[in-house]
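**Q** Structure of the sequence below:
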Amino acid sequence: MVIIILAVNILLPAQLHAEDEGEATIGRKFSLVIQAQLPLIHDPVVRQYVHRLGQTLVTHLDNAEFTYHFAVIQEPHINAFAAPGGYVYVHSGLIQRVQTDDELASVLGHEIAHVQGHHMIRQQQDTKFLSYAGLASLALAIINPVLAAGVSSIAGVKQLEYQRQLEEEADYRGLHYLAQAGFDPHAMPRFFATMQKEDRMNSADVPVYLRSHPLSQERMSYIERTLKTLKWNQRQPTDTFELRRVQAILRASQEARGRVIPDYERQLAETPDNPKAAALLATALLQYNDWRRAQELLEQAGAKGIHLNRELGITYLRLGQPARARQLFLQQREVDPQDADNHNQLCAIFLKEGNLEEATQSCNTALSLDPFLDEAYTALAQIAQQQGKSGEARLQLARAMELQGRMDAALNQYQQAAPLFEDDDERSEEIATKTRELQELLSQVGRKR
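**A** Alright, predicted model coming up:
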C-alpha cells in the first residue's frame, strides 16, 4: 500500500471551483495526483485491454462530453471510480473478480455514466473545491475509506457516497451504454451479485465498491425493471482469453511465483492440447522473467494457432536474439497495427540499430495510440540527445518522468528545458503550464513513500 502524506485542514487560496475551472481541468489535476500518489499499472496488455473496453463504450455514446482516459490501480480491494472530465480508474482487484468482458464493461459503463451525468459536480455544487490537497484526500478516501475517515478535509468519505438517485441514474445510463455498444446489460446485476457475495462472506470487511456505490435491494429491483425495457440483440458469449491473460499478469505482479505458477501448470496438465492454456502459463512466467520456458510455451501455443508475437519477440530480446525479435515485431505490426507497445518495441530496436528516423516514427506511432507509454518518451529523449537537441531531450524525459509519478524529477527537467526553447515555440507554453502545475502539486501534496 502506498502511504499518502496529505496536507489537511488547509484550504489554499488557489483552490478550484467547479464552475470556474471546468470539469476537464479538475479531472486533469486529479489525474496528476493519482499519478504522483498511487501505484498505476503500466503493463501494456492490462492497460490496452481496459482502454479498449472503455473506448468501445465511449464510441457508442450519443454525446461523449469529454475525452475519456482509463487506468488501472494496483490495489487488491474491489473498486472503481471516476473523476470529473472523463478519468476512469479500476482497481486490479476488481478485474481479478470479473468473469467476462461484459462484467468489466458494466463497471466502466456505470462510471462513464457518473461522468456524463456530472454527478460529482452536482454533489459538490455548494462546496468550493478542490485544491491538490483536497484531491489527494479524495484519492485516499477512495483507496482506503477507513483510514480516510480520520482525515479532516473537504474530501471526506461521505463525498464518495453518491446519492441514491445519482446511483440509479448511473445504473440506467450504464445499462443503455452497454446495450448500445453490444455488451450484455445483464452483466451488471451479475457483477453486483458477486459484490453481494463478497459482502456476505466478509461481513467485517465490506468491499470498497459497496461503500462508494451502496447496493440496496431497491437499487437491484430498479436495475431489473430497467433491463425489461431494453432492446438488445443477444450475441454469443465473448472469448475471455484476453481477460484471462490480463488476470494472469495481475496475479503474477502481486503474488509469489510459488502460488501462481502451479495453478497455470495444473490448467495446462488438464488440457495439454489447449494452446490457450500454454499461452496463459507463458504469460505468467514472463512476469517472473523465466524467459526460456516462456519461449518454449509461446512457440508451442503459436504452432497451434495462438500467436503472441510481441510477447515472443520480447522473450527473444531477453534471450539475446534481437534479429528474431525484430522479425516478430514486424509481423505483429502487420497483424495488429493498433498494438501500441509493439510500435514501442520496434522503436527500441531501431534506436539500438542507429536508425533514428524509423525509431522516431515508431515511437510517435506508439504514442498516438497510447499517450501513456513512458518508455516511448524516454526513447524519444535518447533520440533527441543523439541529434543534439538538448531542449527536446529534456522535454521528452520530463514527460516520461511525469507518467512514472516522479514529479520532482519531472519538474526539474521541465525547468531545465524552458530556457532552451524560443518564447514563440508552442512547446514553451506546454513547459510553462506543466511547471506551474507541478509546482502547485508539490507545494500542496506530500511525496509517495
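
**Q** who's in contact with Leu250?
**A** By CB atoms under 8 Å, 6 or more residues apart in numbering, the residues touching Leu250 are 41, 46, 92, 95-96. Every C-beta, even on glycine, is put in place using the N, C-alpha and C of the backbone.

**Q** again, 6 Å this time
**A** The neighbourhood of Leu250, defined by CB atoms under 6 Å, 6 or more residues apart in numbering, consists of 92, 96.

**Q** Now do the helix or strand it falls within: distance to the chain's middle.
**A** In this assignment (DSSP states H and E), Leu250 forms part of helix 241-254. Between the centre of helix 241-254 and the centre of its chain there are 14 Å (CA atoms, centre = their mean, to the nearest Å).

**Q** neighbouring contacts of the next helix or strand after it?
**A** Next along the chain after helix 241-254, taking DSSP H and E as the criterion, comes helix 257-270. Helix 257-270 has contacts (CB under 6 Å, 6+ apart) with 251-252, 277-278, 280-281, 284, 288.

**Q** Repeat the analysis, applying 8 Å as the threshold.
**A** Here helix 257-270 makes contact (CB under 8 Å, 6+ apart) with 248, 251-252, 274, 277-278, 280-281, 284-285, 288.

**Q** for stretch 285-294, same thing?
**A** 248-249, 252-253, 257, 261, 282, 297, 311, 314-315, 318-319.

**Q** Now tabulate those in CSV and tack on pLDDT and distance to Glu111.
**A** Below are the contacts of stretch 285-294 laid out as CSV (pLDDT from 0 to 100; distance: CB to CB, whole Å):
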residue, pLDDT, distance to Glu111
Ala248, 98, 24
Ile249, 98, 22
Ala252, 96, 26
Ser253, 93, 23
Arg257, 96, 33
Ile261, 98, 33
Ala282, 98, 32
Leu297, 98, 36
Glu311, 97, 29
Ile314, 97, 32
Thr315, 97, 35
Arg318, 96, 36
Leu319, 96, 41
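
**Q** re the thing from before, list buried residues within the contacts of helix 257-270.
**A** Listed as buried from the contacts of helix 257-270 are 248, 251-252, 277-278, 280-281, 284-285; burial here means 16 or more other CB atoms under 10 Å.

**Q** returning to that earlier point: check the contacts of helix 257-270 and tell me the two furthest apart.
**A** Within the contacts of helix 257-270, Asn274 and Tyr288 form the most distant pair, 21.6 Å apart (CB to CB).

**Q** which residues does Leu175 contact?
**A** Residues near Leu175 by CB under 8 Å, 6+ apart: 109, 185, 188, 223, 226-227, 230.

**Q** Residue ranges in the stretch 1-150 of the chain under the pLDDT threshold?
**A** Along the stretch 1-150 of the chain, segments meeting pLDDT under 70 span 1-21, 119-130, 140-150.

**Q** Output the below-cut-off pLDDT ranges for the stretch 301-449 of the chain.
**A** 446-449.

**Q** those helices in it, which residues are they?
**A** Remark: helices assigned in the stretch 301-449 of the chain by DSSP state H, counting those that start in this stretch are 309-318, 322-335, 340-353, 356-369, 374-386, 390-403, 407-417, 426-444.

**Q** Reformat these as TSV; add distance to Asn79 and mean neighbour count.
**A** Output for those, formatted as TSV (distance: least, CB to CB, whole Å; neighbours: other CB atoms under 10 Å):
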stretch	distance to Asn79	mean neighbour count
helix 309-318	29	22
helix 322-335	34	17
helix 340-353	26	22
helix 356-369	28	18
helix 374-386	25	21
helix 390-403	22	22
helix 407-417	24	20
helix 426-444	24	16
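
**Q** Relative to His176, which of those is closest?
**A** Across the helices of the stretch 301-449 of the chain, closest to His176 is helix 356-369 (CB to CB), at 28.5 Å.

**Q** Export only the CA atoms of the closest one, formatted as CSV.
**A** Backbone C-alpha positions of helix 356-369 (Å, rounded to 0.1, in the frame of the first residue of the first chain) are rendered in CSV as follows:
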residue,chain,number,x,y,z
LEU,A,356,16.9,7.3,-35.8
GLU,A,357,14.3,8.1,-38.4
GLU,A,358,12.5,4.7,-38.1
ALA,A,359,12.8,4.9,-34.3
THR,A,360,11.2,8.3,-34.2
GLN,A,361,8.4,7.2,-36.4
SER,A,362,7.7,4.1,-34.4
CYS,A,363,7.7,5.9,-31.1
ASN,A,364,5.4,8.6,-32.4
THR,A,365,3.0,6.0,-33.7
ALA,A,366,3.1,4.2,-30.3
LEU,A,367,2.3,7.5,-28.5
SER,A,368,-0.5,8.3,-30.9
LEU,A,369,-2.1,5.0,-29.9
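
**Q** Distance from that helix to the middle of the chain?
**A** 22 Å.

**Q** picking that back up, same list, the helices of the stretch 301-449 of the chain, but as CSV with distance to Phe192 please.
**A** Shown next, in CSV, are the helices of the stretch 301-449 of the chain (distance: least, CB to CB, whole Å):
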stretch, distance to Phe192
helix 309-318, 34
helix 322-335, 37
helix 340-353, 33
helix 356-369, 33
helix 374-386, 35
helix 390-403, 34
helix 407-417, 37
helix 426-444, 36
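
**Q** List the contacts of stretch 321-329.
**A** 309-310, 312-317, 342, 345-346, 349, 352.

**Q** any weak-confidence spans in the stretch 151-300 of the chain?
**A** 151-164, 198-217, 232-237.

**Q** For it, which segments count as helices?
**A** Counting by DSSP H, counting those that start in this stretch, the stretch 151-300 of the chain has helices at residues 164-181, 187-201, 208-212, 217-229, 241-254, 257-270, 275-287, 291-303.

**Q** mind giving me the domain split of the protein?
**A** What automatic domain parsing lists as the domains of the chain is 18-229, 255-331.
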